[in-house]
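Enquirer: my questions concern the predicted model and sequence given below.
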Amino acid sequence: MTDRYHWSGGNRVELLVEGTQFIPRMLEVIGEARSSLLLEFYMVSSGEVADRFINALICAAKRGVHVCWLIDDFGGRRFSSQDSEKLQQAGVQVRRYNPLSLFKMSANLVRDHRKLMIADQQTGFIGGTGISDEYLRSTPVKGALAWHEVMLQVQGAVVADMVQLFARQWLKSGGAMPTISAPDCARLGDALARVTEVEGLKLQQIKRSFVHHMNRAGDRVWLATAYFLPAFSVRRSLRRAALRGVDVRLIVAGPDTDHPWVYHASKRYYRRLLQSGVRIFEYQPSFLHTKLGLCDNWISAGSCNLDHWNLRWNLEANLEVVEPKLTRTVEQLLISDMARSHEVLYAQWRQRPWSQKLKEVCWSLICQVLLKIR
C-alpha cells in the first residue's frame, strides 16, 4: 500500500514534555476552539484528568463547537458510563472503537492505540498520552510518579492530514463528521512534517520509515520506547548501525512499568545488541511511556512502540519532523533521560542471576505464544 500522507513544509512543531506541560496546553486549546474538536485516544480513564477534559469539552459543545471523541473500547474500559452519558447529553459525540465481544474472538485484539487531538483544523496534538491520571499525578500513587511522556503541538499544512487520519476511523466507527473548512496553509514555521501510521499487518509505514532512517543514519540513532519487544527488522537495523560506527542508544522502561512481564521479556534482545555496540539505558525515576526516535536530524514521535504487538494488531500514528530547533530540543531531552537512567553494560549483564534469566525465558516463551494468535 502506498503512503497516504506526504511531507509538507512551513509547519510549526513544539515538543511538550510531561503532563504538567501538555495537559494544560491541550485544555487551553479546547477552551479557545470555535468550530470543531476531534479527539482520538486509546487510554481514557475516569478521574481528575478526565473530569477536566469532560468539563472543557462540555463548555465547548455549549458554545456551538462540534466535538467528536473516539475512544478505544478496551483502552476506555475504566471510563465510566456516567461520564460518557454526561458528554453525550451535552452534545458531544462519543464513539467506541471496536467494542469488545466474545463472538469476535481474536478480532478483539485489534485496538486503536492512537493519541491525537485537533482543534478547528488549525492546531493538532499527537504523541503518547492518554486522558488519565497516570500522566498528571500531583502526588505519587503507591510510590509511583506520573508517567514520563511527550506530545507534539502542531500547526500548519500537516494538520489537514491529521484531520483525515481521524475522519477515516471516525466514519468507520459510525460517527458523522462535522463540516470541515479548508485549513489555513500560511507558513507558520520551518518544520518539514508528515503523518505516518500503522494499521496492523496491512500497513506498516511507521516501522518501514524507522528502518529506512536507521539504515541511512551516519551519526546517531537514539530511540526511547516504553515496551521493548522490537520487530526483527528493527533489531537488525539497530545492530548494523552500531557495527558501522553509528552512535546507537536505546532508552527503555526500567522496573517502574505497568507491564512487568514486558520488562523481563524484552531482555532476551539485550545480548546481541550490546555485543554489536548498542548502548541500552533503563529509565529509573518513573515509568518511561515515551515513544520518540532521533536518527541524525530526523524525528519521529507518537503512539507506536515498534513492538510486535503494536505492529500486528494496532492502529498507530506518529509525526515525523525535520527542523533544527526541534532536533536540538529532542536531543537535550534524550540526553537528560539517559542521565536519569541505569546503563546496562555487557560485562555486568553476563553476570546477572539465574532467577533473572529464568524470568526472561518464561516471559519470552509466553510472548512467542501470544504472537501465534490469529
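Expert: Perfect, thanks for sending it.
Enquirer: helices or strands up against the helix or strand hosting residue 22?
Expert: Counting by DSSP states H and E, the element that carries residue 22 is helix 19-32. For helix 19-32, the contact count by 3 or more CB pairs under 8 Å, 6 or more residues apart in numbering; DSSP states H and E identifies helix 48-62, strand 115-119, strand 123-127, strand 150-155 as packing neighbours. Using the backbone N, CA and C atoms, a C-beta is placed for each residue, glycine as well.
Enquirer: just the helices in the chain please.
Expert: 19-32, 48-62, 81-89, 158-172, 205-216, 232-243, 260-265, 270-276, 308-313, 324-339, 346-350, 354-370 (DSSP state H).
Enquirer: among those helices, which is nearest residue 292?
Expert: helix 324-339 (6.7 Å; CB to CB).
Enquirer: quick one: contacts of the closest one?
Expert: 13-15, 17, 148, 150, 190-191, 222, 224, 249, 251, 281, 283, 288, 290, 292, 294, 297, 299, 301 (CB atoms under 8 Å, 6 or more residues apart in numbering).
Enquirer: if you count neighbours, what's buried in that helix?
Expert: 326, 327, 329, 330, 333, 334, 337, 338 (16 or more other CB atoms under 10 Å).
Enquirer: so which of the helices and strands packed on helix 19-32 gets nearest residue 353?
Expert: strand 150-155 (34.3 Å).
Enquirer: now do the same end-to-end measure for stretch 40-51.
Expert: 17 Å (CA to CA, to the nearest Å).
Enquirer: numbering from 25 from now on, please.
Expert: Sure, I'll start numbering at 25, so the last one becomes stretch 64-75.
Enquirer: ok, and what's touching that stretch?
Expert: Counting by CB under 8 Å, 6+ apart, 43, 47, 93-96, 99-100, 102-104, 107, 135-141, 153-160, 190, 193-194, 327 sit against stretch 64-75.
Enquirer: now which of those would you call buried?
Expert: 43, 47, 93-96, 99-100, 103, 107, 135-141, 153-160, 190, 193-194, 327.
Enquirer: for the residue lying closest to residue 149 once chain neighbours are set aside, give its distance to residue 186.
Expert: Leaving out its chain neighbours, the residue that sits closest to residue 149 by CB to CB, 6 or more residues apart in numbering is residue 141, at 4.6 Å. As for residue 141, its distance to residue 186 is 9 Å (criterion: CB to CB, to the nearest Å).
Enquirer: could you dump the buried residues of helix 348-363 into a markdown table and include pLDDT and distance to residue 76?
Expert: Below are the buried residues of helix 348-363 laid out as a markdown table (pLDDT from 0 to 100; distance: CB to CB, whole Å):
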| residue | pLDDT | distance to residue 76 |
| --- | --- | --- |
| 350 | 98 | 28 |
| 351 | 98 | 32 |
| 353 | 98 | 26 |
| 354 | 98 | 28 |
| 357 | 98 | 25 |
| 358 | 98 | 29 |
| 361 | 98 | 27 |
| 362 | 98 | 32 |
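Enquirer: name all residues that make contact with residue 217.
Expert: Counted by CB under 8 Å, 6+ apart, residue 217 has contacts 31, 32, 35, 37, 178, 180, 182, 343, 344, 345, 346, 347.
Enquirer: pull out the buried residues from the residues you listed.
Expert: For the contacts of residue 217, buried by 16+ other CB under 10 Å: 32, 35, 37, 178, 180, 182, 343, 344, 345, 346, 347.
Enquirer: ok, the fifth one touching residue 35?
Expert: Spelled out, it's residue 180. Yes: if you go by CB atoms under 8 Å, residue 180 and residue 35 touch, sitting 3.1 Å apart.
Enquirer: tell me the buried residues in stretch 250-265?
Expert: 250-255, 257-263, 265.
Enquirer: would you list the contacts of residue 217 in JSON lines and tack on distance to residue 293 and pLDDT?
Expert: What follows is these, written out as JSON lines (distance: CB to CB, whole Å; pLDDT from 0 to 100):
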{"residue": "31", "distance to residue 293": "32", "pLDDT": "97"}
{"residue": "32", "distance to residue 293": "35", "pLDDT": "96"}
{"residue": "35", "distance to residue 293": "35", "pLDDT": "97"}
{"residue": "37", "distance to residue 293": "31", "pLDDT": "98"}
{"residue": "178", "distance to residue 293": "32", "pLDDT": "98"}
{"residue": "180", "distance to residue 293": "37", "pLDDT": "95"}
{"residue": "182", "distance to residue 293": "33", "pLDDT": "96"}
{"residue": "343", "distance to residue 293": "26", "pLDDT": "98"}
{"residue": "344", "distance to residue 293": "25", "pLDDT": "98"}
{"residue": "345", "distance to residue 293": "28", "pLDDT": "98"}
{"residue": "346", "distance to residue 293": "29", "pLDDT": "98"}
{"residue": "347", "distance to residue 293": "32", "pLDDT": "98"}
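Enquirer: between those, which is nearest residue 226?
Expert: residue 344 (20.3 Å).
Enquirer: which strand residues bridge that closest one?
Expert: residue 218, residue 324 (DSSP bridges).
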